[in-house]
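A.B. asks: Sequence first, then the predicted structure, then my questions.
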Amino acid sequence: MDKVGIAVKQRYQKFLDDVVPFMIPRWLFVCGIIFYFIYRIIALQGWYISCYALAIFHLNLFIAFLSPKIDPSFEMSESMEDDDGPALPTNNNEEFRPFIRRLPEFKFWEQTVISTLIAVFSTFFDCFNVPVFWPILVMYFFILFFLTMKRQIKHMIKYRYLPFTHGKTKYKGKPEVS
(Lines give C-alpha, C1' and ligand atoms only; values in the text may rest on other atoms or scores of the structure.)
Protein backbone atom coordinates (compact mmCIF):
# COMPACT_ATOMS: atom_id res chain seq x y z
CA MET A 1 0.00 0.00 0.00
CA ASP A 2 2.87 2.37 0.71
CA LYS A 3 4.23 1.86 -2.80
CA VAL A 4 0.90 2.87 -4.32
CA GLY A 5 0.69 5.98 -2.12
CA ILE A 6 4.24 6.98 -2.98
CA ALA A 7 3.59 6.44 -6.70
CA VAL A 8 0.43 8.59 -6.54
CA LYS A 9 2.29 11.37 -4.69
CA GLN A 10 5.12 11.27 -7.22
CA ARG A 11 2.72 11.49 -10.17
CA TYR A 12 0.86 14.36 -8.53
CA GLN A 13 4.14 16.20 -7.86
CA LYS A 14 5.26 15.54 -11.47
CA PHE A 15 1.97 17.00 -12.71
CA LEU A 16 2.44 20.09 -10.51
CA ASP A 17 6.02 20.51 -11.73
CA ASP A 18 4.86 20.27 -15.34
CA VAL A 19 2.13 22.93 -15.04
CA VAL A 20 4.19 25.56 -13.17
CA PRO A 21 5.27 27.56 -16.26
CA PHE A 22 1.75 27.75 -17.71
CA MET A 23 0.22 30.46 -15.53
CA ILE A 24 -2.52 31.72 -17.87
CA PRO A 25 -3.83 28.24 -18.81
CA ARG A 26 -3.79 27.25 -15.12
CA TRP A 27 -5.97 30.22 -14.14
CA LEU A 28 -8.25 29.69 -17.14
CA PHE A 29 -8.76 26.14 -15.88
CA VAL A 30 -9.65 27.52 -12.43
CA CYS A 31 -12.17 29.91 -14.01
CA GLY A 32 -13.64 26.99 -15.94
CA ILE A 33 -14.20 24.78 -12.91
CA ILE A 34 -15.58 27.73 -10.91
CA PHE A 35 -18.05 28.49 -13.72
CA TYR A 36 -18.97 24.79 -13.83
CA PHE A 37 -19.56 24.86 -10.07
CA ILE A 38 -21.71 27.99 -10.35
CA TYR A 39 -23.65 26.38 -13.21
CA ARG A 40 -24.33 23.33 -11.01
CA ILE A 41 -25.49 25.54 -8.13
CA ILE A 42 -27.87 27.48 -10.40
CA ALA A 43 -29.13 24.40 -12.26
CA LEU A 44 -29.71 22.34 -9.12
CA GLN A 45 -31.12 25.27 -7.09
CA GLY A 46 -29.32 24.19 -3.94
CA TRP A 47 -25.98 23.66 -2.17
CA TYR A 48 -25.77 27.34 -1.23
CA ILE A 49 -23.85 26.55 1.95
CA SER A 50 -21.17 24.79 -0.13
CA CYS A 51 -21.02 27.82 -2.41
CA TYR A 52 -20.77 30.20 0.55
CA ALA A 53 -18.04 28.12 2.22
CA LEU A 54 -16.08 28.02 -1.04
CA ALA A 55 -16.40 31.80 -1.49
CA ILE A 56 -15.19 32.45 2.07
CA PHE A 57 -12.26 30.06 1.57
CA HIS A 58 -11.32 31.75 -1.72
CA LEU A 59 -11.50 35.15 0.00
CA ASN A 60 -9.19 33.85 2.71
CA LEU A 61 -6.74 32.59 0.07
CA PHE A 62 -6.88 35.92 -1.78
CA ILE A 63 -6.13 37.89 1.38
CA ALA A 64 -3.17 35.61 2.12
CA PHE A 65 -2.01 36.12 -1.47
CA LEU A 66 -2.12 39.91 -1.06
CA SER A 67 -0.45 39.93 2.36
CA PRO A 68 3.30 40.08 2.92
CA LYS A 69 5.02 37.09 4.48
CA ILE A 70 6.49 39.29 7.19
CA ASP A 71 3.83 41.67 8.46
CA PRO A 72 5.35 45.17 8.69
CA SER A 73 3.03 46.17 11.55
CA PHE A 74 4.25 43.28 13.68
CA GLU A 75 7.89 43.84 12.72
CA MET A 76 7.70 47.57 13.45
CA SER A 77 6.13 47.04 16.87
CA GLU A 78 8.99 44.74 17.82
CA SER A 79 11.84 46.82 16.42
CA MET A 80 10.67 50.30 17.38
CA GLU A 81 9.98 51.19 20.93
CA ASP A 82 10.40 54.99 20.85
CA ASP A 83 10.43 55.85 17.12
CA ASP A 84 7.54 57.37 15.22
CA GLY A 85 7.66 55.35 12.01
CA PRO A 86 9.73 53.26 9.62
CA ALA A 87 13.34 54.22 9.07
CA LEU A 88 16.01 53.55 6.48
CA PRO A 89 18.61 50.87 7.19
CA THR A 90 21.27 52.23 9.55
CA ASN A 91 23.86 49.45 9.47
CA ASN A 92 25.11 46.74 7.15
CA ASN A 93 22.94 44.03 8.70
CA GLU A 94 19.75 45.73 7.54
CA GLU A 95 18.87 45.64 3.88
CA PHE A 96 15.98 46.15 1.51
CA ARG A 97 13.69 43.13 1.32
CA PRO A 98 11.40 42.76 -1.69
CA PHE A 99 7.72 41.92 -1.29
CA ILE A 100 7.34 38.24 -0.48
CA ARG A 101 3.81 36.88 -0.37
CA ARG A 102 2.42 34.94 2.55
CA LEU A 103 0.80 32.62 0.00
CA PRO A 104 2.73 32.21 -3.29
CA GLU A 105 0.79 32.34 -6.57
CA PHE A 106 1.25 28.64 -7.32
CA LYS A 107 0.02 27.53 -3.89
CA PHE A 108 -2.90 29.95 -4.30
CA TRP A 109 -3.76 28.27 -7.60
CA GLU A 110 -3.33 24.75 -6.22
CA GLN A 111 -5.51 25.35 -3.16
CA THR A 112 -8.14 27.08 -5.30
CA VAL A 113 -8.33 24.09 -7.65
CA ILE A 114 -8.51 21.56 -4.82
CA SER A 115 -11.15 23.48 -2.89
CA THR A 116 -13.29 24.05 -5.99
CA LEU A 117 -13.11 20.38 -6.97
CA ILE A 118 -14.16 19.41 -3.43
CA ALA A 119 -17.07 21.86 -3.66
CA VAL A 120 -18.12 20.40 -7.04
CA PHE A 121 -17.87 16.92 -5.53
CA SER A 122 -20.07 18.00 -2.61
CA THR A 123 -22.89 18.92 -5.01
CA PHE A 124 -23.35 15.23 -5.80
CA PHE A 125 -24.53 14.45 -2.26
CA ASP A 126 -27.83 15.59 -0.76
CA CYS A 127 -26.44 15.69 2.76
CA PHE A 128 -24.59 18.91 1.82
CA ASN A 129 -27.76 20.52 0.47
CA VAL A 130 -28.76 22.44 3.61
CA PRO A 131 -31.82 24.67 3.02
CA VAL A 132 -30.90 28.32 3.60
CA PHE A 133 -32.13 31.69 2.40
CA TRP A 134 -29.34 32.37 -0.10
CA PRO A 135 -29.78 36.17 -0.54
CA ILE A 136 -28.66 36.66 3.08
CA LEU A 137 -25.52 34.61 2.40
CA VAL A 138 -24.76 36.65 -0.72
CA MET A 139 -25.27 39.92 1.14
CA TYR A 140 -23.15 38.76 4.07
CA PHE A 141 -20.36 37.62 1.75
CA PHE A 142 -20.23 40.98 -0.05
CA ILE A 143 -20.20 42.89 3.25
CA LEU A 144 -17.39 40.64 4.48
CA PHE A 145 -15.51 41.04 1.19
CA PHE A 146 -15.70 44.84 1.16
CA LEU A 147 -14.77 45.23 4.83
CA THR A 148 -11.85 42.82 4.49
CA MET A 149 -10.57 44.45 1.32
CA LYS A 150 -10.90 47.91 2.87
CA ARG A 151 -8.75 46.78 5.80
CA GLN A 152 -6.21 45.18 3.45
CA ILE A 153 -5.96 48.28 1.24
CA LYS A 154 -5.51 50.52 4.29
CA HIS A 155 -2.72 48.21 5.46
CA MET A 156 -1.08 48.38 2.02
CA ILE A 157 -1.26 52.19 2.01
CA LYS A 158 -0.01 52.54 5.58
CA TYR A 159 3.06 50.34 5.06
CA ARG A 160 3.61 51.33 1.43
CA TYR A 161 3.73 48.01 -0.33
CA LEU A 162 2.23 46.87 -3.58
CA PRO A 163 1.66 43.13 -3.94
CA PHE A 164 1.63 43.20 -7.75
CA THR A 165 4.66 43.54 -9.97
CA HIS A 166 4.80 43.90 -13.70
CA GLY A 167 8.10 42.16 -14.29
CA LYS A 168 11.54 43.58 -14.54
CA THR A 169 11.88 47.30 -15.28
CA LYS A 170 13.11 48.00 -18.80
CA TYR A 171 15.23 51.09 -19.20
CA LYS A 172 15.60 52.94 -22.47
CA GLY A 173 19.08 53.69 -23.63
CA LYS A 174 20.28 56.88 -25.21
CA PRO A 175 18.48 57.68 -28.44
CA GLU A 176 20.59 56.96 -31.45
CA VAL A 177 21.77 60.00 -33.36
CA SER A 178 21.61 59.47 -37.11
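C.D. replies: Sure, I can see it. Residues are numbered from 1 along each chain as shown.
A.B. asks: residues touching R101, list them.
C.D. replies: Counting by C-beta atoms under 8 Å, 6 or more residues apart in numbering, R101 touches 64-69, 163. Backbone N, C-alpha and C define where each C-beta goes, glycine included.
A.B. asks: in the lengthiest helix in the chain, what counts as buried?
C.D. replies: Identified as the longest helix of the chain according to DSSP state H is helix 134-159. For helix 134-159, a neighbour-count test (16 or more other C-beta atoms under 10 Å) marks 134, 137, 155 as buried.
A.B. asks: W47: what's its closest spatial neighbour, skipping adjacent residues?
C.D. replies: Closest residue to W47 apart from its sequence neighbours, by C-beta to C-beta, 6 or more residues apart in numbering: T123 at 4.9 Å.
A.B. asks: which of the contacts of R101 are buried?
C.D. replies: 64-68.
A.B. asks: Including distance to V177 and pLDDT, could these go into CSV?
C.D. replies: Below are those laid out as CSV (distance: C-beta to C-beta, whole Å; pLDDT from 0 to 100):
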residue, distance to V177, pLDDT
A64, 51, 90
F65, 47, 89
L66, 46, 86
S67, 49, 85
P68, 45, 83
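A.B. asks: Could you list which of those belong to helices?
C.D. replies: Assignment to helices by DSSP H places the following of the buried ones among the contacts of R101 there: 64-66.
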